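Undergrad: Output the structure for:
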Amino acid sequence: MLEKEYTVERKHSAAEVGSGHLNVLSTPAMIGFMEHTAKELADSELKEGETTVGIEVNIQHIKATAIGKTVTVKATLTERKKNILFYQVEAYEQEQLIGKGEHKRTIVDVDAFMEKL
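TA: Residues are numbered from 1 along each chain as shown. Got it, this is the predicted structure:
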């Protein structure tokens, strides 16, 4: 399990990212915090030349969060099937759950991945 803190800035707001009209933490930014935390957890398990890419998110955004607040994200690796990593992710403002769900990442060889583009 990895826990990371993020400060909600105006650039993370729904109004700024275009997902809504309000200056509150946007769902895309919250998901970005969750993906980043899971990626950081995965990085410790990778070999030279490998990285992970996000392949699926299933997230509930439960409660609004104001600009300037601190969000704590927890990512827990729950399963690994070959190169697919499965995570439970949760986001909190203080003790209040603001988001939760599942996230999948796959381990890829950086050079092989980029050659396919």
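Undergrad: Tell me, what's the model's pLDDT at residue 78?
TA: With respect to pLDDT, residue 78 scores 98.
Undergrad: Might one say that it is in contact with residue 101?
TA: No. With contact defined as C-beta atoms under 8 Å, residue 78 does not reach residue 101; the gap is 12.0 Å. Where you see a C-beta, it was placed from the backbone N, CA and C, and this is true even at glycine.
Undergrad: Mind listing the shared neighbours of those two?
TA: Common neighbours of residue 78 and residue 101, counting by C-beta atoms under 8 Å, 6 or more residues apart in numbering, are residue 88.
Undergrad: Neighbour count: these two, which is higher?
TA: Neighbours were counted for residue 78 and for residue 101 using other C-beta atoms under 10 Å; residue 101 has more, 18 against 10.
Undergrad: and the gap between the closest residue to that one other than its chain neighbours and residue 116?
TA: Once flanking residues are discounted, residue 101 sits nearest to residue 59: 3.6 Å by C-beta to C-beta, 6 or more residues apart in numbering. As judged by C-beta to C-beta, to the nearest Å, residue 59 and residue 116 stand 27 Å apart.
Undergrad: who has more neighbours, these two?
TA: With neighbours defined as other C-beta under 10 Å, residue 59 and residue 116 compare such that residue 59 has more, 17 against 6.
Undergrad: Would you mark the buried spots in the helix or strand harbouring the residue nearest to residue 101?
TA: Secondary structure from DSSP states H and E places residue 59 in strand 50-61. For strand 50-61, burial by neighbour count (16 or more other C-beta atoms under 10 Å) applies to 50, 52, 54, 59, 61.
Undergrad: which residues does the third one contact?
TA: Pointing back at residue 54 there. 35, 38-39, 103-105.
Undergrad: let's see 6 Å
TA: Residues near residue 54 by C-beta atoms under 6 Å, 6 or more residues apart in numbering: 35, 105.
Undergrad: ok, and the closest non-adjacent residue to residue 22?
TA: Closest residue to residue 22 apart from its sequence neighbours, by C-beta to C-beta, 6+ apart: residue 14 at 5.2 Å.
Undergrad: my guess is the one you found meets residue 23, correct?
TA: No. Taking contacts as C-beta atoms under 6 Å, residue 14 lies outside contact range of residue 23: 7.5 Å.
Undergrad: Sounds good, over and out.
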